[in-house]
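Asks: kindly generate the corresponding structure for this input.
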Amino acid sequence: MSVRLNKFIADCTGLSRRKADELIAEGKVRVNRKPAEVGQAIHPDKDTVTLDGKRLEQQKKLYVLFYKPPGCITTRSDPEGRRTVYDYLPEKYHHLDPVGRLDRDSSGLLLLTNDGELIMQLTHPRYEHQKVYRVTVNKTLNEHIVNKVQTGVTLEPENKLATQKVLEIIDKHTLVLSLKTGMNRQIRRVFEALGYEVTALKRTAFAGIILQQLRPGESRPLKLGEIRHLTRNLVKPPKGAARQKSSNARKKPTAEKPAEKGAKPIGKQRPHAKAKGPRGTRGPSERRD
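Replies: Okay, here's the model as predicted:
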């Protein structure tokens, strides 16, 4: 069975298909000792593919959930000698790459994998995968501030509106937010703009995968249902990429979505209904936050 060469390279190395095409175009890839071409198809069982002279062999794809503790950074090494997530991960996971980042002081769910195509689609803003955070601030929240967070805050120097949805108000210092796209350190910067300091920021869910029954520093492989949820249900073409219907097809009118209601005032909280996660799990479901 033939496959596209860039997909084969991505499967073997964890790189994205786009990066694989760049390597092919740079002349770093050979198929059966001949220079490869962008768009070429190969038979993995019959053809020999090399990258910079080294033969490529398909790796088994691995998907891991890690509970990042605060105080470590999402990188392989640090010139300042600070602890990284790889200091916590078992050595058998050291070849995996993180899906996005959490800043040093943030904690919670971090996915790692050697599936380069999935990393690209889970981190690219246009795919709008939901991320859920539990946020604690240093001062008492009030209805005005909660509504400002809900409606959005313009951040500088981007001069862009940072939007997030308030899912739940835990108490007068803590709430749960969700993002679909985000700017660098968005949640911290939003509260800074409103005169608050974030004292604790924990990611509890990402793309339908939920942080469950792990302690800080622990990790586990994703369950089969979680992997299927990521690779089959969530990885979709960006908006507008679907094939256009025939001009003769009848267009169905779509109802206009109602305006989103603001968060409930402090003191009148109701626990939000947990969003459905992947089959076999419970509960709700960076750029760096």
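Asks: all helices in the stretch 51-200 of the chain, in order from the N-terminus.
Replies: Here the stretch 51-200 of the chain has its helices, by DSSP state H, counting those that start in this stretch, at 116-123, 143-151, 186-193.
Asks: any chance of the ones you listed in TSV, plus mean pLDDT?
Replies: Output for the helices of the stretch 51-200 of the chain, formatted as TSV (pLDDT from 0 to 100):
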stretch	mean pLDDT
helix 116-123	86
helix 143-151	95
helix 186-193	96
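Asks: nearest to residue 7, of the ones you listed?
Replies: Closest of the helices of the stretch 51-200 of the chain to residue 7 is helix 116-123, at 7.5 Å (criterion: CB to CB). Where you see a C-beta, it was placed from the backbone N, CA and C, and this is true even at glycine.
Asks: sorry, back to before: among the helices of the stretch 51-200 of the chain, which is nearest residue 218?
Replies: With CB to CB, the closest approach to residue 218 among those belongs to helix 116-123: 21.4 Å.
Asks: report all helices and strands that that closest one contacts.
Replies: helix 5-13, helix 17-25 (3 or more CB pairs under 8 Å, 6 or more residues apart in numbering; DSSP states H and E).
Asks: please work out which of these is packed deepest.
Replies: Comparing these by mean neighbour count (mean count of other CB atoms under 10 Å), helix 5-13 ranks first with a mean of 22.
Asks: so what touches that one?
Replies: Defining contact as CB atoms under 8 Å, 6 or more residues apart in numbering, one finds that helix 5-13 is touched by 15-21, 23-24, 29, 31, 36, 38-42, 44, 49, 51, 56-59, 61, 115-117.
Asks: hmm, which of those residues are the buried ones?
Replies: 15-17, 19-21, 23-24, 29, 31, 36, 40, 42, 44, 49, 51, 56, 115-117 (16 or more other CB atoms under 10 Å).
Asks: where among the helices and strands packed on helix 116-123 is the average confidence lowest?
Replies: Per-stretch mean pLDDT for those is lowest at helix 5-13 (a mean of 88).
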